[in-house]
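Colleague: what's the 3D shape of this:
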Amino acid sequence: MEDKNTGQLGSNFEKFSPPLQFALLGSGVFFFFGIHNILQEAMMKIPGFNYGVMLGYMEVIGVTICSYFERSCIMKENSRVAPLSAYPMLTFCLLSSSALSNMSLDYINFPTKVVFRSCKLLPTMVVASVLNKKFFSSVEYSCALAVCVGLILFAAADWKLTPTFHPFGLVLVFLSICADAVLPNGQERVFKLGASRLEVTFYTNFFTLICMTLTTYLSGDLVGILVHAARDHQLALYMSVYTFIAYIAISCHMTVVKKFGGVAAVVLATARKGMTLILSFILFPKAFSWYYIFGAILVLGGLLIASLFKIHIKKDHVRKLQDHEGRIDPEEGDMLMENISDDNRQKEIS
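Modeller: Alright, predicted model coming up:
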């Protein structure tokens, strides 16, 4: 759905040349994601901050508020299409993904979490192979092998050099990735009911927010972090910025996907994750090992090649449909290549 009320700002942006638009959007992706990830690690470094699960809670608050504003005030969507019964599974997946991912920071360091969170490729291939008896190309299997070796190197370095490392953190990250792998399939079913992206985003995060508020209150994390923030004004500032900046970063990323396609978005996302790792080691000094370098190259390189290969296959599929049916225009082809996982505005966050 195109927004008819984007205003003068959107009109002025469209006047820029495509290279300048890409440069501005790419800078926005790097800047806002960079701040988001720096704040995440900075909060975990604050003495007495043991509320990893609350990082996910803050993200859910931000996405809920911003998606509600965008949906009601900008896109003028005032009704719900999908039934409420469509959201329990999505809520469970998002709740699991967000909570488990951020809880893992109590056991592993930030770069390891970023690298492991990038690897949805592995559980996706396993599920497709076991349940759907699907076979993959040699390129995809090679990329998966590279990712596995890279993860092993990263985990080995963390095990050796990080005093607080505990394998349970890897288990939490793996479970969050599994929840991530299921989430797009559930979203796709809701989209087929006619629900818009913003409707699915808002209601999924809204119900997740209710669940997380209840669970974090019962666990004491919600009260604990509020008391801590009341005593530490720096933490309160970090929390305020962190809550909303992720939505801005994801909006920049989604605009890149829409305007410049999947290839540009994949390359930009891979570069952004590389930047995240570099900034983590520069701004928050930690024990160094070449295993981190080799592991990151294997993981990010494998994921980049796998993603580009997947996009290439989809392009070939669209061209064949065009040749045989002659009724899919180029814009429709581009839309077919932006799969459901790109519509998940929150889970691009690592």
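
Colleague: what residues sit buried inside the helix or strand where Leu300 lies?
Modeller: In the assignment (DSSP states H and E), Leu300 maps to helix 290-325. Going by neighbour count (16 or more other C-beta atoms under 10 Å), the buried part of helix 290-325 is 291-292, 295-296, 298-311, 314-315, 318. For every residue, glycine as well, the C-beta is placed using N, CA and C.

Colleague: got it, and stretch 99-118?
Modeller: Judged by neighbour count using 16+ other C-beta under 10 Å, the buried positions of stretch 99-118 are 99-118.

Colleague: using the three-state scheme, assign Ala195.
Modeller: State at Ala195, reduced to three classes by DSSP: H, G, I helix; E, B strand; the rest coil: coil.

Colleague: could you find the closest non-adjacent residue to it?
Modeller: Ala82 (4.0 Å; C-beta to C-beta, 6 or more residues apart in numbering).

Colleague: shaky segments in the protein?
Modeller: Scanning the chain for pLDDT under 70 picks out 1-11, 13, 120-121, 124, 127-134, 163, 261-263, 266, 317-318, 320-350.

Colleague: returning to that earlier point: keep only those of the buried residues of stretch 99-118 that are in strands.
Modeller: Among the buried residues of stretch 99-118, none falls in strands (DSSP state E).

Colleague: OK, contacts around the nearest residue to Ala86 once chain neighbours are set aside?
Modeller: Excluding its sequence neighbours, the residue lying closest to Ala86 (C-beta to C-beta, 6+ apart) is Val190, at 4.9 Å. Residues in contact with Val190 (C-beta atoms under 8 Å, 6 or more residues apart in numbering) are 82, 86-87, 90, 200.

Colleague: any of the residues you listed buried? List them.
Modeller: 82, 86-87, 90, 200.

Colleague: now these in JSON lines, with distance to Met58?
Modeller: Compiled in JSON lines, the buried ones among the contacts of Val190 are given as follows (distance: C-beta to C-beta, whole Å):
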{"residue": "Ala82", "distance to Met58": "26"}
{"residue": "Ala86", "distance to Met58": "26"}
{"residue": "Tyr87", "distance to Met58": "21"}
{"residue": "Leu90", "distance to Met58": "20"}
{"residue": "Val200", "distance to Met58": "21"}
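
Colleague: of those residues, closest to Phe154?
Modeller: Comparing these against Phe154 with C-beta to C-beta places Leu90 closest, at 30.1 Å.

Colleague: can I assume that closest one is in contact with Gly186?
Modeller: Yes. In this structure Leu90 lies within contact range of Gly186 using C-beta atoms under 8 Å: 4.9 Å.

Colleague: just to revisit the earlier point, any idea how far the helix holding Leu300 is from the chain center?
Modeller: Here the centre of helix 290-325 is set off from its chain's centre by 18 Å, with C-alpha atoms, centre = their mean, to the nearest Å.

Colleague: just the angle between the longest helix anywhere in the chain and helix 290-325, please?
Modeller: The longest helix of the chain (DSSP state H) is helix 233-283. Going by axes from the mean of the first three to the mean of the last three C-alpha atoms, to 10 degrees, helix 233-283 is angled at 90 degrees with respect to helix 290-325.

Colleague: what packs against helix 233-283?
Modeller: Contacts defined by 3 or more C-beta pairs under 8 Å, 6 or more residues apart in numbering; DSSP states H and E place helix 233-283 against helix 18-45, helix 52-69, helix 110-117, helix 221-231, helix 290-325, helix 330-337, helix 340-343.

Colleague: cutoff 7 Å now
Modeller: When contacts are defined as 3 or more C-beta pairs under 7 Å, 6 or more residues apart in numbering; DSSP states H and E, helix 233-283 sits against helix 18-45, helix 52-69, helix 110-117, helix 221-231, helix 290-325.

Colleague: which outside residues touch the fourth one?
Modeller: Meaning helix 221-231. Here helix 221-231 makes contact (C-beta atoms under 7 Å, 6 or more residues apart in numbering) with 48-49, 51, 53-54, 213, 216-217, 235-236, 239.

Colleague: next one: the third one
Modeller: Residues outside helix 110-117 that contact it (C-beta under 7 Å, 6+ apart) are 41, 44, 101, 104-105, 151, 154-155, 158, 170, 173, 177, 273, 276-277, 280, 292, 295-296, 299, 350.

Colleague: residues near Ala287, how many?
Modeller: Other residues near Ala287 number 13, with proximity taken as other C-beta atoms under 10 Å.

Colleague: quick one: it and Lys45, what's the gap?
Modeller: Per C-beta to C-beta, to the nearest Å, Ala287 is found 15 Å from Lys45.

Colleague: same question for Ile305.
Modeller: For Ile305, the distance to Lys45 equals 34 Å [C-beta to C-beta].

Colleague: equivalent analysis for Phe294, please.
Modeller: In terms of C-beta to C-beta, Phe294 sits 26 Å off from Lys45.

Colleague: cool, and Leu303?
Modeller: Counting by C-beta to C-beta, the gap from Leu303 to Lys45 is 27 Å.

Colleague: ok, Val190 next?
Modeller: According to C-beta to C-beta, Val190 and Lys45 sit 38 Å apart.

Colleague: ditto for Gly186
Modeller: Gly186 is 35 Å from Lys45, where distance means C-beta to C-beta.

Colleague: how about Thr112?
Modeller: Distance, Thr112 to Lys45, by C-beta to C-beta: 15 Å.

Colleague: try Gly150
Modeller: Gly150 sits at a distance of 25 Å from Lys45 (criterion: C-beta to C-beta).
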